[in-house]
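Participant: the amino acid sequence is not available; the structure is as follows:
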């Protein structure tokens, strides 16, 4: 695979990886001073999942690193929420690709090699080592809590450092067993996703998430490091993510700029007549 093609593939997958009131600048330094019950935290979690706009636009700098390489590039994102998003990928101030991602597929053109490819979302899942749906990618990109289940009985667990309120899909003992590799997947048929949501002590903003997927031996940590207000709505400004799976460890940083809300932009994608299939 050429360097340019590698950048395009990485750009598209990393784009998909990635609300609250008020700003969140950097890691919290405040400590918990009062008790909040489980019900209040659960209500806050579901409140944060809501989206008060239909269209989302941003440009971002993407930094990617794994055990073998480190790359940086730029991307634009034009999204119709809960539908699809498209944009461009740039390297060294040149547009090297265009793309479209919807709930079923990923499409892209490679401008340097004059070719295109179309894949279903399982292609992206295979790149990161875990099966994920479109909603996961969109939630992370918009800075929302992911994998919320209305039937789950989320419970609060204590943060020993008293820096966050933590709402968990499973008790602390379960997470400890995962970390110690003591869950027997064959016997338990464990296909659960274990997730913890961390809220800031002052405004109950979502600061980060910790996800364990034992069936795939995958661990994901997402940090909403900085947010800002646009039209009175909190949107991401800096997001970092670490994905650890059996074959590698990946870190991603998304640095947003020029975020615009509810400015209708066409979500489009076209393939020039002279382009060939990249996979041939």
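Facilitator: Looks like it came in fine. For clarity, every value in this text was computed on a predicted model and none was experimentally measured.
Participant: where exactly do the helices run in the stretch 101-250 of the chain?
Facilitator: For the stretch 101-250 of the chain, applying DSSP state H, counting those that start in this stretch gives helices covering 122-128, 134-142, 172-179, 185-188.
Participant: identify the bridge partners of residue 245.
Facilitator: Beta-bridge pairing of residue 245 under DSSP bridges involves residue 248.
Participant: looking at it now. What's its pLDDT?
Facilitator: Looking at residue 245, its pLDDT stands at 82.
Participant: wait, what's in contact with the residue lying closest to residue 164 once chain neighbours are set aside?
Facilitator: By the measure of CB to CB, 6 or more residues apart in numbering, the closest residue to residue 164 outside its immediate chain neighbours is residue 198, 4.2 Å from it. Heads up, the C-betas are built off the backbone N, CA and C, glycines and all. Listed by CB atoms under 8 Å, 6 or more residues apart in numbering, the contact set of residue 198 reads 159, 164-166, 206-210.
Participant: how far away is residue 198 from residue 227?
Facilitator: 14 Å (CB to CB, to the nearest Å).
Participant: and if you look at residue 233?
Facilitator: 10 Å.
Participant: okay, those two: which has more neighbours?
Facilitator: Using other CB atoms under 10 Å as the criterion, residue 233 and residue 227 rank with residue 227 on top: 25 against 17.
Participant: and the pLDDT at the nearest residue to residue 105 once chain neighbours are set aside?
Facilitator: The spatially closest residue to residue 105, leaving aside those adjacent along the chain, is residue 120, at 5.3 Å (CB to CB, 6+ apart). At residue 120, the model reports a pLDDT of 86.
Participant: so residue 120 touches residue 107, yeah?
Facilitator: No. Using CB atoms under 8 Å, residue 120 is not in contact with residue 107; the gap is 10.4 Å.
Participant: okay, those two: which has more neighbours?
Facilitator: With neighbours defined as other CB under 10 Å, residue 120 and residue 107 compare such that residue 107 has more, 18 against 10.
Participant: wait, that one sits on residue 270?
Facilitator: No. Using CB under 8 Å as the test, residue 107 is too far from residue 270 to be in contact (9.8 Å).
Participant: tally of neighbours for residue 70?
Facilitator: 9.
Participant: skipping adjacent residues, who's closest to it in space?
Facilitator: Closest to residue 70 by CB to CB, 6+ apart is residue 64, at 6.9 Å.
Participant: tell me what the strand or helix carrying the one you found is packed against?
Facilitator: In this assignment (DSSP states H and E), residue 64 forms part of strand 55-65. The contact analysis (3 or more CB pairs under 8 Å, 6 or more residues apart in numbering; DSSP states H and E) places strand 55-65 against helix 3-15, strand 70-80, strand 248-261.
Participant: if we use 10 Å, what do you get?
Facilitator: For strand 55-65, the contact count by 3 or more CB pairs under 10 Å, 6 or more residues apart in numbering; DSSP states H and E identifies helix 3-15, strand 70-80, strand 84-91, helix 134-142, strand 233-245, strand 248-261 as packing neighbours.
Participant: and of the ones you listed, who's closest to residue 114?
Facilitator: Checking the helices and strands packed on strand 55-65 against residue 114 by CB to CB gives helix 3-15 as the closest, at 11.5 Å.
Participant: and the gap between residue 277 and residue 113?
Facilitator: Distance from residue 277 to residue 113, by CB to CB: 11 Å.
Participant: and those two? which has more neighbours close in?
Facilitator: Neighbours were counted for residue 277 and for residue 113 using other CB under 10 Å; residue 113 has more, 16 against 10.
Participant: roughly how far does the more buried one sit from residue 86?
Facilitator: 20 Å.
Participant: you'd agree residue 43 is in a helix?
Facilitator: Yes. Remark: residue 43 belongs to a helix, assigned using DSSP: H, G, I helix; E, B strand; the rest coil.
Participant: in contact with it, which residues?
Facilitator: 37, 204 (CB atoms under 10 Å, 6 or more residues apart in numbering).
Participant: count of residues packed around residue 76?
Facilitator: With other CB under 10 Å as criterion, residue 76 counts 20.
Participant: low-confidence ranges in this protein?
Facilitator: Across the chain, the ranges flagged by pLDDT under 70 are 1-29, 124-131, 171-191.
Participant: number of nearby residues for the residue nearest to residue 70?
Facilitator: 20.
Participant: pairing partners for it in the sheet, please.
Facilitator: residue 71, residue 252.
Participant: correct me, but it touches residue 89?
Facilitator: No. Counting by CB atoms under 10 Å, residue 64 stays clear of residue 89, with 11.9 Å between them.
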